[in-house]
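> sequence? don't have it. structure:
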């Protein structure tokens with residue numbers, strides 16, 4: 001089944017995967033996803049142990065975000081008209097909260113929780129038709145994120161930070177839970193988010209308006225495909241929270257150098273850290289978007305055709321396993337020679353299928369095409385960096 005997920009099929013479902021495997025019908029793959037006796041949670045636990053061994057780092061970062069799958073009809077588990085960040089508007093879709101793990105070695109999706117709206121949890125007939133277990137109750141997205149983080153920590157995953165967008169930064173209970181775990185965090189918040197200061201509680205954007213010019217520092221949030229991601233950054237020390245957990249609180253502010261657009265983050269760490277450290281954590285948040293893109297374009301994360309609870313979780317667990325394998329395998333290769341970018345997850349997926357699963361061409365042909373693609377990308381990257389250097393003050 002995972003070999004089929006790694007294959008360059010036009011669409012990925014039990015029919016196409018069964019055909020790729022040489023089966024005479026989709027029944028076996030459908031049985032695996034819907035009726036066979038195995039537990040997707042145990043697969044995800046195996047993935048966590050594998051990721052710990054291959055990518056684990058004491059300063060690892062847990063990233064939480066949701067992604068949506070557009071659907072038709074009303075019977076697919078969890079579907080309703082709701083806002084999807086993937087579509088950028090309200091659509092008929094499923095939403096799932098994902099947990100990703102990022103370290104200097106690499107990054108991968110790690111765990112998942114399907115968001116079940118109240119229109120589902122309060123409807124016994126709908127739940128029964130989709131096979132939703134009786135134990136599942138309504139939970140907000142931040143509550144689902146807390147469960148995923150608790151599971152990762154209980155499983156021994158080494159980590160130091162958590163990052164997420166406004167859906168998670170605006171939840172004080174999630175922040176308190178992270179402090180209880182002694183996990184530092186960099187969580188995005190809205191411009192209207194109110195923070196305590198020495199002069200009382202104030203909106204984040206009102207605080208920014210009074211910052212002097214020397215409060216801002218130009219720092220890269222990481223290396224992008226088109227150059228270093230430079231922004232202007234400032235941070236303000238905030239009073240301690242009224243809880244039992246010591247540590248340092250900050251309001252971190254990012255300003256776009258071209259448009260002046262502002263973004264805000266609530267930050268905490270058990271100990272003092274410099275500004276560039278918080279910026280690095282904030283920059284890693286975008287790696288989960290790369291994981292979503294890779295799993296949707298190459299591994300069929302959003303191409304399933306399953307309506308029921310068990311089948312959805314099994315499909316997603318196997319996609320996560322395939323992605324973790326690719327993410328870990330990219331770290332095995334030695335440094336690329338001059339003129340080539342490092343092998344990416346998408347490139348490795350293409351090569352693994354061509355060389356290992358279904359070698360339809362000679363090894364030399366496959367490697368030659370890989371070198372061609374990576375050289376083309378390297379030339380484009382050099383051009384982007386050169387143009388950026390010409391515009392630097």
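Perfect, thanks for sending it. Everything quoted here is computed from the prediction, not taken from an experiment.

> where does the stretch 51-200 of the chain dip in pLDDT?
By pLDDT under 70, the stretch 51-200 of the chain has no low-scoring segment.

> show me where it has strands.
61-70, 80-84, 89-103, 106-114, 161-164, 184-189, 194-197, 200-203 (DSSP state E, counting those that start in this stretch).

> for those, which one sits closest to residue 140?
strand 89-103 (9.5 Å; C-beta to C-beta). Yep, even glycine has a C-beta here, placed from its N, CA and C like the rest.

> now that closest one, how far from the centre of its chain.
8 Å (C-alpha atoms, centre = their mean, to the nearest Å).

> So which of the strands of the stretch 51-200 of the chain is the most surrounded?
Neighbour counts (mean count of other C-beta atoms under 10 Å) averaged over each of these peak at strand 161-164, with a mean of 27.

> Pairing partners for that one, with directions?
Sheet pairing for strand 161-164, assigned by DSSP bridges, gives strand 61-70 (parallel), strand 184-189 (parallel).

> Could you dump those strands into a markdown table with distance to residue 157 added?
As requested, the strands paired with strand 161-164 are arranged in a markdown table below (distance: least, C-beta to C-beta, whole Å):
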| stretch | distance to residue 157 |
| --- | --- |
| strand 61-70 | 8 |
| strand 184-189 | 15 |
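
> So for residue 329, which of these sits nearest?
Residue 329 lies closest to strand 61-70 among the strands paired with strand 161-164, at 20.5 Å (C-beta to C-beta).

> quick revisit: mind putting the strands of the stretch 51-200 of the chain into TSV with distance to residue 339?
As requested, the strands of the stretch 51-200 of the chain are exported to TSV (distance: least, C-beta to C-beta, whole Å):
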stretch	distance to residue 339
strand 61-70	31
strand 80-84	40
strand 89-103	27
strand 106-114	22
strand 161-164	33
strand 184-189	35
strand 194-197	48
strand 200-203	50
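
> quick one, which of the strands paired with strand 161-164 is nearest to residue 133?
That would be strand 61-70 among the strands paired with strand 161-164, by C-beta to C-beta, at 20.7 Å.

> ok, back up a step: of the strands paired with strand 161-164, which is nearest residue 319?
strand 61-70 (11.7 Å).

> quick check: angle from the closest one to strand 80-84?
130 degrees (axes from the mean of the first three to the mean of the last three C-alpha atoms, to 10 degrees).

> what's the spatially closest residue to residue 377 that is not a sequence neighbour in contact with, if anything?
Counting by C-beta to C-beta, 6 or more residues apart in numbering, residue 377 lies nearest to residue 341, which is 5.2 Å off, once chain neighbours are set aside. Contact analysis of residue 341 by C-beta atoms under 8 Å, 6 or more residues apart in numbering lists 374, 377-378, 381.

> Could you tell me which of those residues belong to helices?
374, 377-378, 381 (DSSP state H).

> By neighbour count, which of those residues wins?
residue 374 (19 neighbours; other C-beta atoms under 10 Å).

> Mind pulling up the pLDDT for that residue?
The predicted structure scores residue 374 at 86 on the pLDDT scale.

> what do you get for the one 5 residues further on?
What the model reports for residue 379 is a pLDDT of 88.

> Same question for the one 10 residues further on.
In this prediction, residue 389 carries a pLDDT score of 82.

> ok but residue 371 is inside a helix, no?
Yes - under DSSP: H, G, I helix; E, B strand; the rest coil, residue 371 sits within a helix.

> and the gap between the closest residue to it other than its chain neighbours and residue 347?
Using C-beta to C-beta, 6+ apart and skipping the chain neighbours, the partner closest in space to residue 371 is residue 340 (6.8 Å). From residue 340 over to residue 347 the distance is 10 Å, taken as C-beta to C-beta, to the nearest Å.

> Overlap of the contact sets of the two?
Shared contacts of residue 340 and residue 347 (C-beta under 8 Å, 6+ apart): residue 374.

> any chance you could map the helices in the stretch 201-350 of the chain?
Here the stretch 201-350 of the chain has its helices, by DSSP state H, counting those that start in this stretch, at 204-209, 275-284, 287-297, 309-329, 345-352.

> picking up where we left off before, now the residue nearest to residue 377: how far from residue 116?
41 Å.

> how many other residues sit next to residue 272?
9.

> so who does it touch?
residue 248.

> what's it sitting at in phi/psi?
phi -60, psi 130 (degrees, to the nearest 10).

> just residue 27 next, same as before
With angles defined as degrees, to the nearest 10, residue 27 sits at phi -60, psi -40.

> give the contact list for the residue lying closest to it once chain neighbours are set aside.
Nearest non-adjacent residue to residue 27, counting by C-beta to C-beta, 6+ apart: residue 18, 7.8 Å away. By C-beta under 8 Å, 6+ apart, the contact set of residue 18 is 4, 25-29.

> For residue 282, report the pLDDT, please.
For residue 282, the predicted pLDDT is 96.

> out of everything not next to it in sequence, what's closest to it?
residue 186 (4.9 Å).

> and that neighbour, what are its bridge partners?
Going by DSSP bridges, residue 186 forms beta bridges with residue 163, residue 267.

> does it really touch residue 165, like I thought?
No - with contact defined as C-beta atoms under 8 Å, residue 186 and residue 165 do not form a contacting pair (10.8 Å).

> so where is the stretch 251-393 of the chain shaky, pLDDT-wise?
For the stretch 251-393 of the chain (pLDDT under 70), the answer is 333-336, 359-362, 365-366, 369, 392-393.

> now residue 165: how far from residue 128?
34 Å.

> sorry, back to before: please work out which of the helices of the stretch 201-350 of the chain is packed deepest.
helix 309-329 (a mean of 23).

> Return the distance of it from the chain's centre.
So, by C-alpha atoms, centre = their mean, the centroid of helix 309-329 is 13 Å from its chain's centroid.

> Are there helices or strands packed against it, and which ones?
helix 2-6, helix 27-34, helix 40-55, strand 106-114, helix 287-297, helix 345-352 (3 or more C-beta pairs under 8 Å, 6 or more residues apart in numbering; DSSP states H and E).

> Would you mind getting the angle between the next helix or strand after the shortest one and helix 27-34?
Translated: helix 2-6. As assigned by DSSP states H and E, the chain's next helix or strand after helix 2-6 is helix 14-21. Orientation check (the same axes, to 10 degrees): helix 14-21 against helix 27-34 gives 130 degrees.
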